[in-house]
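Student: dropping the sequence and predicted coords here.
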Amino acid sequence: DQQVKQNSPSLSVQEGRISILNCDYTNSMFDYFLWYKKYPAEGPTFLISISSIKDKNEDGRFTVFLNKSAKHLSLHIVPSQPGDSAVYFCAASPGFQKLVFGTGTRLLVSP
Amino acid sequence: DAGVTQSPTHLIKTRGQHVTLRCSPISGHKSVSWYQQVLGQGPQFIFQYYEKEERGRGNFPDRFSARQFPNYSSELNVNALLLGDSALYLCASSLGHSGANVLTFGAGSRLTVL
């Protein structure tokens, strides 16, 4: 039972353009959502998070949008840079630290 | 400041053997969580410990066990290894144990079971 889904296994974007990564969830008890990125041979690194009481959170080039009625969240990266190339995981929490991760989206930003 | 450190980084075991993986959290972090990441999948929650007590357990068999020591370091033990236990095992630490506390992950221990 995949409670957090990332339906796009990969995404290719040109440098300077916007990258949009999508995530859907099924459990309405999730109240905290996070994005992690992962480079090869490293552990996941926290990127940005959003509480279920908000619909947008911004941090520099990264913005996360939450649509609770659609059970959908997205990560926008503007402008995209080659160093952003990594695997991005969406994760959700029901209020404690049992994070439920999606399967990841591999982002490739080309110069 | 050192991040989350895990050992060993790589190991190979045969079916039926036992393995112990170790994790040292960031200094000051009292919560440690363990995740299993199988190739092509996202990390899957195994255990969370806070102040040396188990606070959460994922859907894993009893062959998996863990503990947290007084210095907040942690061990993950897996008995009677199966081929399907081959995975990257990630340890993460945080200050507190609520969902709002960001997890900082180590680089992982890659286990191969032959």
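Tutor: Sure, I can see it. Numbers count the residues shown, from 1 in each chain, chains lettered A, B, ... in the order given.

Student: list the helices and strands the strand or helix carrying B:Ala66 packs on?
Tutor: Using DSSP states H and E, B:Ala66 maps to strand B:64-68. Helices and strands touching strand B:64-68, by 3 or more C-beta pairs under 8 Å, 6 or more residues apart in numbering or on different chains; DSSP states H and E, are strand B:44-50, strand B:74-78. The C-beta positions use only the backbone N, C-alpha and C, and glycine is treated the same way.

Student: nearest to chain A, of the ones you listed?
Tutor: strand B:44-50 (4.8 Å; C-beta to the nearest C-beta).

Student: sheet partners, orientation included, of that closest one?
Tutor: strand B:31-37 (antiparallel), strand B:53-57 (antiparallel) (DSSP bridges).

Student: contacts for the first one, please.
Tutor: So that's strand B:31-37. Here strand B:31-37 makes contact (C-beta atoms under 8 Å, 6 or more residues apart in numbering or on different chains) with A:97, A:99, A:101, B:23, B:25, B:43-50, B:55-56, B:60, B:66, B:68, B:72-74, B:76, B:87-97, B:101, B:103, B:105, B:108.

Student: for the strand holding B:Ala66, C-alpha coordinates in CSV please.
Tutor: The C-alpha coordinates for strand B:64-68 follow below in CSV (Å, rounded to 0.1, in the frame of the first residue of the first chain):
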residue,chain,number,x,y,z
PHE,B,64,15.0,-6.8,13.3
SER,B,65,15.8,-5.3,16.6
ALA,B,66,17.5,-2.1,17.8
ARG,B,67,18.6,-0.3,20.9
GLN,B,68,19.9,3.1,22.0
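
Student: which parts of that strand are buried?
Tutor: B:64, B:66, B:68 (16 or more other C-beta atoms under 10 Å in any protein chain shown).

Student: just the C-alphas of the helix or strand harbouring A:Leu108, formatted as CSV.
Tutor: For A:Leu108, the host element (DSSP H and E) is strand A:105-110. This file holds the C-alpha atoms of strand A:105-110, laid out as CSV (Å, rounded to 0.1, in the frame of the first residue of the first chain):
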residue,chain,number,x,y,z
THR,A,105,12.1,11.4,-8.8
ARG,A,106,15.5,11.7,-10.5
LEU,A,107,16.0,15.3,-11.6
LEU,A,108,18.6,16.0,-14.3
VAL,A,109,19.4,19.7,-14.9
SER,A,110,21.4,20.2,-18.1
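
Student: what does the model give the closest residue to A:Pro44 other than its chain neighbours for pLDDT?
Tutor: Spatial nearest neighbour of A:Pro44, chain neighbours left out: A:Tyr36 (3.8 Å); criterion: C-beta to C-beta, 6 or more residues apart in numbering or on different chains. The model reports A:Tyr36 with a pLDDT of 97.

Student: same deal with A:Gln97?
Tutor: 69.

Student: three-state assignment of A:Gly83?
Tutor: Assigned by DSSP: H, G, I helix; E, B strand; the rest coil, the conformation of A:Gly83 is helix.

Student: list the contacts of it.
Tutor: A:Val109.

Student: and chain B, which residues reach chain A?
Tutor: Neighbours of chain A within chain B, by C-beta under 8 Å from any C-beta of the partner chain: B:4, B:31, B:33, B:35, B:40-45, B:48, B:55-56, B:58, B:90, B:92, B:94, B:97-108.

Student: any chance of a ChimeraX selection covering the buried ones in these?
Tutor: Filtering these down to the buried ones (16+ other C-beta under 10 Å) takes a single ChimeraX command:
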select /B:4,31,33,35,42,43,44,45,48,55,58,90,92,94,97,99,101,103,104,105,106,107,108
